[in-house]
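Colleague: Build me a structure from this.
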Amino acid sequence: LYLGEGKIQDKNLPHCTKLTEMILTEFQTEYCKVKNDLENALGRISHTTDLWSDPNLDSFMAHDVKKIP
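Modeller: Residues are numbered from 1 along each chain as shown. This next block holds a predicted model:
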């Protein structure tokens, strides 16, 4: 197990709020791309969604979008 040989300091690791910010920024970027693609799609599209939880009550969501020829 590599632990940085004692050279890693707390300041070298991103804080959880920074990680959250980075994830939300990336999500917003991708969301805008998908939204733009769907708004400019030629023809019809079909949306299917599903929500479920596993035995540990972890939640999941699936969203499927397909172009209908």
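Colleague: looking at this, Leu57 is in a helix?
Modeller: No: Leu57 is assigned coil when assessed by DSSP: H, G, I helix; E, B strand; the rest coil, not a helix.
Colleague: for the residue sitting nearest the centre point of the chain, helix, strand, or coil?
Modeller: Residue closest to the average C-alpha location in the chain (C-alpha atoms, centre = their mean): Phe27, at 5.5 Å. What three-state DSSP gives for Phe27 is helix.
Colleague: can you tell me how far it sits from Glu5?
Modeller: 35 Å (C-beta to C-beta, to the nearest Å). For glycine as for every other residue, the C-beta is placed from the backbone atoms N, C-alpha and C.
Colleague: re the thing from before, how close does the residue nearest to the centre of the chain sit to Glu21?
Modeller: From Phe27 to Glu21 the distance is 11 Å (C-beta to C-beta).
Colleague: same thing with His63?
Modeller: His63 is 23 Å from Glu21, by C-beta to C-beta.
Colleague: Please enumerate residues in contact with the one helix or strand Leu24 maps to?
Modeller: Here Leu24 sits within helix 16-39, counting by DSSP states H and E. Outside helix 16-39, the residues that touch it by C-beta atoms under 8 Å, 6 or more residues apart in numbering are 14, 45, 65.
Colleague: same for the next helix or strand after that helix, what does it pack against?
Modeller: Remark: after helix 16-39, the chain's next helix or strand is strand 44-53, criterion DSSP H and E. If contacts are counted by 3 or more C-beta pairs under 8 Å, 6 or more residues apart in numbering; DSSP states H and E, strand 44-53 sits against strand 59-68.
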